[in-house]
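In: Predicted structure and sequence below. I'll ask about it afterward.
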Amino acid sequence: MKKTIFLLTTAFVFLLNFSTQAQEYKLNMSEGKLILNEVDRVEIEGTTGSQVIISTEAREKKEDDRSKGLKEISASGLSDNTGLGLSVEKDGSTAKVNQVGRNSRHYTVKIPKGVSVYYEHSSWEGKTLQIRNLQSEIEVSANYNSIELENVTGPMAINTVYGQIDAVFKSAPQSDAVSLHSVYGNVDVSVPASTKADLTLSTSYGKIFTDLDIQMKKEENGMRAISSSKISGTLNGGGVSMRLKSTYKNIYLREN
């Protein structure tokens, strides 16, 4: 009996020291650009309204008593002004979000339609970047992040070095350019069969796979331009510019 009580007490103390609490930070912003810089674990979602909403729910240790009344700072001079381990600075129509120090938090960032997004990450600590239901323009420059895109309809330029890119377009992009490039990872894209697109698919050392009917573009002399490393063509007569590139791995373009 004493052993049971001891185990229950130990578990209770553990739960006190490691609590899961949702926290939220709101930024009034209905247009302009949001820059996410060196934030390790991020999920970006589109939303309505006129606020950028950053939330996190992470299992964190009990607050260090010695840190009460103090703010965490980084070597770059940034300090946590959100209570979420982030620094937010706004200058006119541009807001910049930096992670302050290392942490294990996972952040969800909700973006209104009129706000464009730029995500940049350079270190090996970057995890998979998830982007869902976003209508805004987005640009990504990453080294180690893999990228997952789902139901993203705005213009996009996605670049990563060591990660792979997986994209599922539930509806065909209408008029905005799509550029997806991974140097050492696969690029896997699903689109509706009705998608109208001008395609450029290229890989230097990988292969290109598809189950779609791509109409190959012809040169001025009427000959088809065929290359094992680059394909230029159209879907359903052409439309939105879609450029898919993987330097060392494969490209997969499939019907969803």
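Out: On my side now, so go ahead.

In: Find the residue ranges of the stretch 1-150 of the chain scoring beneath the pLDDT cut-off.
Out: Low-confidence segments of the stretch 1-150 of the chain (pLDDT under 70): 1-22, 58-63.

In: Show me where it has its helices.
Out: 2-17 (DSSP state H, counting those that start in this stretch).

In: Please enumerate the strands of it.
Out: 18-28, 32-37, 42-47, 51-61, 86-91, 94-99, 107-112, 115-121, 129-132, 138-142, 147-150 (DSSP state E, counting those that start in this stretch).

In: and of the ones you listed, who's closest to M242?
Out: strand 147-150 (12.6 Å; Cβ to Cβ). The C-beta positions use only the backbone N, C-alpha and C, and glycine is treated the same way.

In: And the contacts of the closest one?
Out: The contact list for strand 147-150, computed with Cβ atoms under 8 Å, 6 or more residues apart in numbering, reads 128-133, 140, 156, 158, 160, 163-170, 180.

In: Just checking the distance from that strand to the centre of its chain.
Out: In terms of Cα atoms, centre = their mean, to the nearest Å, the centre of strand 147-150 is set 6 Å apart from its chain centre.

In: Which elements pack onto the very next helix or strand once past that strand?
Out: The helix or strand immediately downstream of strand 147-150 is strand 156-160, counting by DSSP states H and E. Using 3 or more Cβ pairs under 8 Å, 6 or more residues apart in numbering; DSSP states H and E, the elements in contact with strand 156-160 are strand 138-142, strand 147-150, strand 178-182.

In: In stretch 193-205, which residues are buried?
Out: T195, K196, A197, D198, L199, T200, L201, S202, T203 (16 or more other Cβ atoms under 10 Å).

In: again, but for stretch 23-43
Out: 23, 25, 27, 29, 33-36, 38-43.

In: Which one of the strands of the stretch 1-150 of the chain lies nearest to D211?
Out: strand 147-150 (19.5 Å).

In: Parallel or antiparallel, which strands does that closest one pair with?
Out: strand 129-132 (parallel), strand 165-168 (parallel) (DSSP bridges).
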